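Visitor: Structure, please.
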Amino acid sequence: MDSYSAFWDNGDCTQSSLFVDLLKQGVTDVYICGLALDVCVKHTAMDAINQGFRTYVIVDGCRGVSPKGITETKEEFTKNGIVLLESNKVGTLSILMI
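Guide: Reported below is the predicted structural model:
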């Protein structure tokens, strides 16, 4: 499936199994990092918050495509309740790798 998000395809027509897999594991919070902040991380984070997960983006674990895109994405995250943090603020977590 062609997708920028880990949750949905690019047309928002087909949902991946991630949402159900996380619910089955009792996950309430998602921590996201990767490439690219202003594309894939953005789509995944927005889908996560829209599906009811407390959503965090680990900014020093990301790289973006363009400076403007990075700035706009960070503003959109903040506006939508997505928390931006540095990896040294994450602490010890139980991580489910999918």
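Visitor: I figured Leu18 was touching Trp8, is that so?
Guide: No. Leu18 sits out of contact with Trp8 when judged by C-beta atoms under 8 Å, with a separation of 9.2 Å. C-betas here are computed from N, CA, C, even on glycine.
Visitor: So which of the two has more stuff around it?
Guide: Using other C-beta atoms under 10 Å, the more surrounded residue of Leu18 and Trp8 is Trp8, with 22 against 19.
Visitor: Who are the contact partners of the more buried one?
Guide: By C-beta atoms under 8 Å, 6 or more residues apart in numbering, Trp8 lies in contact with 14-16, 43, 47.
Visitor: if we go to 6 Å?
Guide: Contacts of Trp8 were listed using C-beta atoms under 6 Å, 6 or more residues apart in numbering, and they are 15, 47.
Visitor: next one: Thr55
Guide: Applying C-beta under 6 Å, 6+ apart to Thr55 gives the contacts 30, 45, 48-49, 82.
Visitor: And the residues you listed, which of them are buried?
Guide: Buried subset of those (neighbour count, 16 or more other C-beta atoms under 10 Å): 30, 45, 48-49, 82.
Visitor: can you put those residues in a markdown table and add pLDDT, secondary structure and distance to Arg63?
Guide: As requested, the buried ones among the contacts of Thr55 are exported to a markdown table (pLDDT from 0 to 100; DSSP: H, G, I helix; E, B strand; the rest coil; distance: C-beta to C-beta, whole Å):
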| residue | pLDDT | secondary structure | distance to Arg63 |
| --- | --- | --- | --- |
| Val30 | 95 | strand | 19 |
| Ala45 | 97 | helix | 15 |
| Ala48 | 96 | helix | 19 |
| Ile49 | 97 | helix | 21 |
| Ile82 | 98 | coil | 18 |
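Visitor: That concludes my questions; thank you for your assistance.
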